[in-house]
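sequence and predicted structure, then a few things I'm wondering about:
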Amino acid sequence: MLVLGISGSPRRNGNTEILLDEALKSAGEAGADTEKVILQKMKFSPCIACGSCDNTGICVLKDDMQELYEKIIAADALIVSTPIYFYNVSACLKAAIDRAQALWARRYYLKEPLLLKDKPGYLISVGATKGKRLFKGTILTIRYYYNAAGYVLADQLLVRGVDNKGDINKHPEYLKAAAEIGRLAAQGK
């Protein structure tokens, strides 16, 4: 069982990455193999909308996304963490999501078996404000992303009102909730 974590924060070791680390630690303690990808460290371009992947399932842009595609396909569970930017995912995560068109083509046009499984996916997101609709755009974006990548949103941890780097550590209830997501991911639930 492989649980893949994707950190979508441009800020290293921030609140969403702390929660992701807690989830991956718990998944590992539950017996899963874990791996974390930090999008901010990757080198990749945004989608150029050329349409080439519609025929082949392969993106023509040769960069770090090629390796990430294979990790997403190989994983048994996926946890994505992102801070909120203007009521949606971070820019680096959105760029990676847009590049999932190649995965979408492999699932829907080429019917690649590993992308047809609907494996469990989880969302961890932290926003500074307490707005009622703070996570609406993020949840919708993640649902569509997971659908393209062969996952289904199984659970989510949405934290309002936490902003400063490391402040999530003042909230043990959120750390515990992240650990529960990791445990569920390790069980494939």
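Received it, and whenever you're ready, just let me know what you need. Numbers count the residues shown, from 1 in each chain.

spatially nearest residue to the residue positioned nearest the centre of the chain, not counting backbone neighbours?
Residue closest to the mean C-alpha point of the chain, counted by CA atoms, centre = their mean, is Val80 at 2.2 Å. Taking CB to CB, 6 or more residues apart in numbering as the measure, Val80 lies nearest to Ile6, with 4.8 Å between them; neighbours along the chain are not counted. Placement of C-beta: from N, CA and C, glycine included.

buried ones in the helix or strand hosting Gln156?
Counting by DSSP states H and E, the secondary-structure element that holds Gln156 is strand 151-160. The neighbour-count check on strand 151-160 (16 or more other CB atoms under 10 Å) flags 151, 153-159 as buried.

one more: stretch 39-47?
Of all the residues in stretch 39-47, those buried under the rule 16+ other CB under 10 Å are 39, 42, 44, 47.

same deal with stretch 73-80?
Judged by neighbour count (16+ other CB under 10 Å), stretch 73-80 contains these buried residues: 73, 75-80.

who touches that stretch?
Residues outside stretch 73-80 that contact it (CB atoms under 8 Å, 6 or more residues apart in numbering): 1-6, 8, 20, 23-24, 27, 32, 35, 72, 93, 103, 112, 114-115, 119-124, 142, 145-146, 149-151, 181-182, 185-186, 188.

please indicate which of those residues are buried?
2-6, 8, 20, 23-24, 27, 32, 72, 93, 103, 115, 119-124, 142, 145-146, 149-151, 181-182, 185-186.
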